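A.B. asks: No letters, just coordinates:
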């Protein structure tokens, strides 16, 4: 008798453990932890068609369509696995076959039966290029046949279907909220609500709902993933990093998980860690253009010279693999890399590729500006001036564009073109005193001993405009020192005293004043 009782207890325990493992596997599937789901479900699938169904779904979501097809075929008469076979057809692009299988399954449901309808609707909801309205109609029929006894799972599935139809966001949110009301511990329902609120730009509600999702089940990685993406999109990269790390801890740490983590590491300027993880991903066999681009851009932002050389090598792989999908901004970044290794001609090749993608209006002038700025940062004044000159040829050019064009000519010692540029700027933008000031700088560079007074009219005009309380003291000193030297050369003692006092008020130990004072004593 005792032996029989022990055997019954052992069987009960085994059943309990199996049920627990099944539920854990299903939860892992819903949390998009497909590798964990497979580990939980593989053994159970040998005797349990439901476990087999979720095992097949996990393979399907992992992109292993043929594996999923083989798994679903093990239970050819089971409703759930028939639905799985429909999903396989959709995944293979066989839309009519997938729809036919789902409709055939739905047709098997008699009067008060509803399971077939539910699985058929799930097949439609979880498949690309399928009729989501058909799934919604079947979900509604399930509710009607089931006495409106909606489970959280059914409500979430219906919400997922509503999300896929135009204008269905409100009804999807209602379904998710009802699921939360049914089960306050349903973290998945809160996760879905948070994403909808975020997409609707109601950020406070999104953050609050994602908090409820993590409170309901701290092991659900989805709210942390969505929070990381939301913070990254809004430029709050430190918060994005905090949440992606929480997501990564709870994820299966697949290569895709690592890639998402590396993206946020890069955006939060953790370039060393981003590059290290990108290299690990490549070494593990994920050789996508995106990962090579991530590695190259991270290396470009690192300080050592070897990383910058490797940046060009890895970004080239990304550029060549992606081909026509490369955005203009990435071509510009690649061009900048060549400037760091003193290869301006190669840089210009990729700058022109970027420009070819932006043919009109604001996009075009923005690309011109980025290219001109890249040469400016690389201290290639001549090239920068050439590109800023292209910028000002466009009708959208502003005063700042004219300023930089003139400044680049000035730093390239091309005073003739610099003077013309600042003169044009002064005419076009008379409210910009800096144009007059820089006309003075250009003239002073030509008359660098202040003997001819070429800069006098520009500097005095500018000083009248800005006044002695002007906050950029270095600019004032440029003008004062030129005018001081000029007055000395002209032996204008009143002017000398005026500018000497103005200079010393800013710099009591000014070297030019000391030199001229010494020269004046000798004369």
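C.D. replies: In hand now; what should we look at? As the structure is a computational prediction, the values presented were derived from the model and not from experiment.

A.B. asks: Mind jotting down where the helices sit in the stretch 101-250 of the chain?
C.D. replies: 115-125, 132-145, 152-163, 169-182, 187-199, 203-216, 222-233, 237-250 (DSSP state H, counting those that start in this stretch).

A.B. asks: Export these as TSV, with columns for mean pLDDT and mean neighbour count.
C.D. replies: (Glycine included, C-beta is placed from N, CA and C.) Shown next, in TSV, are the helices of the stretch 101-250 of the chain (pLDDT from 0 to 100; neighbours: other Cβ atoms under 10 Å):
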stretch	mean pLDDT	mean neighbour count
helix 115-125	96	25
helix 132-145	95	20
helix 152-163	95	23
helix 169-182	95	19
helix 187-199	94	23
helix 203-216	94	18
helix 222-233	94	22
helix 237-250	96	19
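
A.B. asks: To residue 310, which of those helices lies closest?
C.D. replies: Smallest distance to residue 310 across the helices of the stretch 101-250 of the chain (Cβ to Cβ): 23.9 Å, for helix 237-250.

A.B. asks: The closest one: what's the following helix or strand?
C.D. replies: Per DSSP states H and E, the first helix or strand lying C-terminal to helix 237-250 is helix 255-267.

A.B. asks: pLDDT (mean, whole number) over that following helix?
C.D. replies: The average pLDDT within helix 255-267 is 95.

A.B. asks: any chance of the helices of the stretch 101-250 of the chain in CSV, with distance to residue 408 too?
C.D. replies: Putting these into CSV (distance: least, Cβ to Cβ, whole Å) gives the following:
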stretch, distance to residue 408
helix 115-125, 58
helix 132-145, 56
helix 152-163, 51
helix 169-182, 50
helix 187-199, 43
helix 203-216, 42
helix 222-233, 35
helix 237-250, 32
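
A.B. asks: The residue nearest to residue 248 when sequence neighbours are not counted and residue 255, how far apart?
C.D. replies: Once flanking residues are discounted, residue 248 sits nearest to residue 261: 4.8 Å by Cβ to Cβ, 6 or more residues apart in numbering. Separation of residue 261 from residue 255 (Cβ to Cβ, to the nearest Å): 10 Å.

A.B. asks: Between the two, which is the more surrounded one?
C.D. replies: residue 261 (23 against 15; other Cβ atoms under 10 Å).

A.B. asks: State the distance from that one to residue 62.
C.D. replies: 18 Å.

A.B. asks: In stretch 440-455, which residues are buried?
C.D. replies: Neighbour counts over stretch 440-455 (16 or more other Cβ atoms under 10 Å) mark 440-444, 447, 450, 453-455 as buried.

A.B. asks: and what of stretch 57-71?
C.D. replies: So, applying 16+ other Cβ under 10 Å, buried residues of stretch 57-71: 57-62, 64-65, 67-69, 71.

A.B. asks: What pLDDT does the model give the residue lying closest to residue 69 once chain neighbours are set aside?
C.D. replies: Once flanking residues are discounted, residue 69 sits nearest to residue 88: 4.6 Å by Cβ to Cβ, 6+ apart. Residue 88 is assigned a predicted lDDT (pLDDT) of 98.

A.B. asks: residues contacting residue 88?
C.D. replies: 60, 65, 68-69, 72, 98 (Cβ atoms under 8 Å, 6 or more residues apart in numbering).

A.B. asks: at 10 Å what do you get?
C.D. replies: 56, 59-60, 65-73, 94, 97-98, 101, 123, 127 (Cβ atoms under 10 Å, 6 or more residues apart in numbering).

A.B. asks: Any regions of the protein where pLDDT drops low?
C.D. replies: 1-18, 359-362, 523 (pLDDT under 70).

A.B. asks: how's it carved up into domains?
C.D. replies: Here the domain parsing of the chain from automatic domain parsing is 1-70, 432-523.

A.B. asks: joint contacts of residue 261 and residue 255?
C.D. replies: By Cβ under 10 Å, 6+ apart, the residues touching both residue 261 and residue 255 are residue 281.

A.B. asks: before we move on, back to that, from the buried residues of stretch 57-71, which is closest to residue 375?
C.D. replies: Taking Cβ to Cβ as the measure, residue 62 is the one of the buried residues of stretch 57-71 closest to residue 375, at 46.3 Å.

A.B. asks: List the buried residues of stretch 265-274.
C.D. replies: Buried, per 16+ other Cβ under 10 Å, within stretch 265-274: 265-268, 270-271, 274.

A.B. asks: Brilliant, that's me finished.
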